[in-house]
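Novice: fold the following and give me the result.
(one chain, ligands or ions: 2)
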Amino acid sequence: MAEQFYKDLPKVELHAHLNGSISSTTTEKLITKKPQLSDQHNMTVISRGQKRTLEECFEMFKIIHQLTVSDEDIFVVTKDVVKEFAADGVKYIELRSTPREEKSTGMTKKSYVSSVLEAIKQCKNEGVDIDVRFLLAIDRRNGPNIAMETVKLAEEFFRSSDGVVVGLDLSGNPAVGDGKNFIAPLQAGRNLGLKLALHLAEIPNQNEESEMLLSIPPDRIGHGTFLHPEVGGSQRLVDTVKKYRIPLELCFSSNVKSQTISSYDQHHFHYWYNLGHPCVVCTDDKGVFGTDLSLEYQITASTFNLSKTQIWDLSYQSINCIFAPESVKSDLKRRWNELKPGLFTQD
Ligand SMILES: CC(C)=CCNc1ncnc2c1ncn2[C@@H]1O[C@H](COP(=O)(O)O)[C@@H](O)[C@H]1O
Ligand SMILES: [Zn+2]
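Specialist: Ligands and ions are numbered 1, 2, ... in the order given. Sure thing, here's the model as predicted:
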């Protein structure tokens, strides 16, 4: 559990996968409806101090996906996840999820997205204090044709969701498939006005793929762990990211627990923060990695010795990286400034 300062800090969450963000309370709820899966419960979270390989982490999603197979499941999960982020002091979130169909329950990709959006709407009607937006995710293992279908689905909801659907994500096991196959669908999405948040250089030796994806260019980068030359990336990659000033979504617990980074102090946050490059602290999969955004901010502060003012600035500057329009950014900044005095008189 994070200290009160980090909980009270108003925060922006820009990298959260819906099915990776399910809490153990919600998992229990889902298991009650599916008792045949009851022995899978402790398979869906990596506890404190534990680590897994990246491959093992992706295996966990197969189990989680068995728990969320109907529109009702997706609705319940979205509502709970949104409320949990709000309770953790997150004032603006961009959730992302891969539309899935499930023949046994009649869930289609379209009804999947509708269920997410209905849950978001209900949270808003109930007065939950958080602005929620949504990105449709493309899973690399499904290939470019499915990716193009996802772009079309995103286009439909982009037009009809009153600004809730803002973009596309490219994710899934980075060792599977080739990123260059997704350039065309991603570019098509971009031309439609959808913003792009792409997982990039999450594992080593993907410089060629990273270069191609950066040439689009994306609006934000997920992880970017192996972009810089010290870890086998290249100065050219760094220069491109700097030239376009593409913000990085950084996820400490995720990277350490899935072992793409050996320890917190080795995290590339250090590299990019020292360059003055926009860095956004995120959770990735708060359920799987047993974390929340407050804790990720606290880890950032304690690992790199950042003061409370520096942490405040980090959170405030994240507002510039959201995909919602400028007017939303201004409103959030006003809100942050109203909350600031209360936060700094606690000492
Ligand atoms: C497993 C691991 C190391 C997690 C951290 N890094 C990740 N890298 C790439 N894709 C991810 C990651 N975490 C979640 N995802 C994507 O998000 C999905 C789960 O959320 P959803 O079903 O899209 O709602 C996964 O199936 C995967 O496609
Ligand atoms: Zn991710």
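
Novice: contacts, neighbours, all on C-alpha from now
Specialist: Noted.

Novice: what's the local residue count around residue 134?
Specialist: Neighbour count for residue 134, taken as other CA atoms under 10 Å: 28.

Novice: and for the one 10 residues further on?
Specialist: As a burial measure, the neighbour count of residue 144 was computed by other CA under 10 Å and equals 22.

Novice: quick one: distance of the helix or strand hosting it to the chain centre.
Specialist: Using DSSP states H and E, residue 144 sits within helix 143-160. Here helix 143-160 is found 19 Å from its chain centre; the criterion is CA atoms, centre = their mean, to the nearest Å.

Novice: just the strands in this structure please.
Specialist: 11-17, 90-97, 131-139, 165-171, 195-200, 220-223, 248-250, 279-281 (DSSP state E).

Novice: partners of the fourth one, with directions?
Specialist: The one in question is strand 165-171. Note on strand 165-171: by DSSP bridges, its sheet partners are strand 131-139 (parallel), strand 195-200 (parallel).

Novice: up against ligand 1, what does the stretch 51-200 of the chain have?
Specialist: Near ligand 1, the residues belonging to the stretch 51-200 of the chain are 54, 57-58, 61, 97-98, 139, 171-173 when assessed by CA under 6 Å from any ligand atom.

Novice: at 8 Å what do you get?
Specialist: Residues of the stretch 51-200 of the chain lying near ligand 1 by CA under 8 Å from any ligand atom: 53-62, 65, 96-100, 137-140, 170-174, 199.

Novice: closest residue of the stretch 201-347 of the chain to ligand 1?
Specialist: residue 258 (4.9 Å; CA to the nearest ligand atom).

Novice: what pLDDT does the model give that residue?
Specialist: Per-residue pLDDT puts residue 258 at 94.

Novice: quick one: contacts for it?
Specialist: Under the criterion of CA atoms under 8 Å, 6 or more residues apart in numbering, the contact list for residue 258 reads 51-54, 57.

Novice: let me see the ranges of the helices in the stretch 201-347 of the chain.
Specialist: Applying DSSP state H, counting those that start in this stretch to the stretch 201-347 of the chain gives helices spanning 207-214, 235-244, 252-257, 269-274, 293-304, 308-318, 326-344.

Novice: compare the ones you listed and give me the one nearest residue 78.
Specialist: helix 293-304 (16.9 Å; CA to CA).

Novice: near ligand 1 at all, that closest one?
Specialist: No - using CA under 8 Å from any ligand atom, helix 293-304 stays clear of ligand 1, coming no nearer than 14.4 Å.

Novice: make 336 the first number, not 1, from now on.
Specialist: Got it, the first residue is 336 from now on, which makes the last one we talked about helix 628-639.

Novice: circling back to that earlier point, got the strands paired with strand 500-506 as a markdown table, with distance to residue 662 columns?
Specialist: Listed next are the strands paired with strand 500-506 as a markdown table, based on distance: least, CA to CA, whole Å:
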| stretch | distance to residue 662 |
| --- | --- |
| strand 466-474 | 13 |
| strand 530-535 | 17 |
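
Novice: before we move on, the earlier item: ranking the helices of the stretch 536-682 of the chain by burial, who's on top?
Specialist: helix 587-592 (a mean of 25; mean count of other CA atoms under 10 Å).

Novice: pLDDT wise, what is residue 492 at?
Specialist: So, for residue 492, pLDDT stands at 98.

Novice: so who does it touch?
Specialist: residue 500.

Novice: for it, give its distance to residue 435.
Specialist: Distance of residue 492 to residue 435, given as CA to CA, to the nearest Å: 15 Å.

Novice: likewise residue 410?
Specialist: Following CA to CA, the distance that separates residue 410 from residue 435 is 13 Å.

Novice: do the same with residue 661
Specialist: For residue 661, the distance to residue 435 - CA to CA - is 32 Å.

Novice: can you check residue 641 too?
Specialist: In terms of CA to CA, residue 641 sits 41 Å off from residue 435.

Novice: and for residue 526?
Specialist: Counting by CA to CA - residue 526 and residue 435 are separated by 24 Å.

Novice: same check on residue 411?
Specialist: Counting by CA to CA, the gap from residue 411 to residue 435 is 16 Å.

Novice: same deal with residue 460?
Specialist: 26 Å.

Novice: these two: who's more crowded?
Specialist: residue 435 (17 against 9).

Novice: pull the contacting residues for the residue nearest to that one when sequence neighbours are not counted.
Specialist: Nearest-residue entry for residue 435: residue 444, 5.0 Å, with adjacent residues in sequence omitted and distances by CA to CA, 6 or more residues apart in numbering. The contact partners of residue 444, by CA under 8 Å, 6+ apart, come to 434-436.

Novice: CA atoms of the helix holding residue 479 as CSV?
Specialist: Extracted in CSV, the C-alpha atoms of helix 478-495 (Å, rounded to 0.1, in the frame of the first residue of the first chain):
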residue,chain,number,x,y,z
GLY,A,478,-2.2,-10.7,-37.5
PRO,A,479,-2.9,-7.8,-39.8
ASN,A,480,-6.3,-8.8,-41.1
ILE,A,481,-7.9,-8.9,-37.7
ALA,A,482,-6.0,-5.7,-36.9
MET,A,483,-7.8,-4.0,-39.9
GLU,A,484,-11.1,-5.3,-38.6
THR,A,485,-10.3,-3.7,-35.2
VAL,A,486,-9.5,-0.4,-36.9
LYS,A,487,-12.9,-0.5,-38.6
LEU,A,488,-14.6,-1.3,-35.3
ALA,A,489,-12.7,1.5,-33.7
GLU,A,490,-13.8,3.9,-36.4
GLU,A,491,-17.4,3.0,-35.8
PHE,A,492,-17.2,3.7,-32.1
PHE,A,493,-14.9,6.7,-32.6
ARG,A,494,-17.9,8.3,-34.5
SER,A,495,-20.6,7.2,-32.0
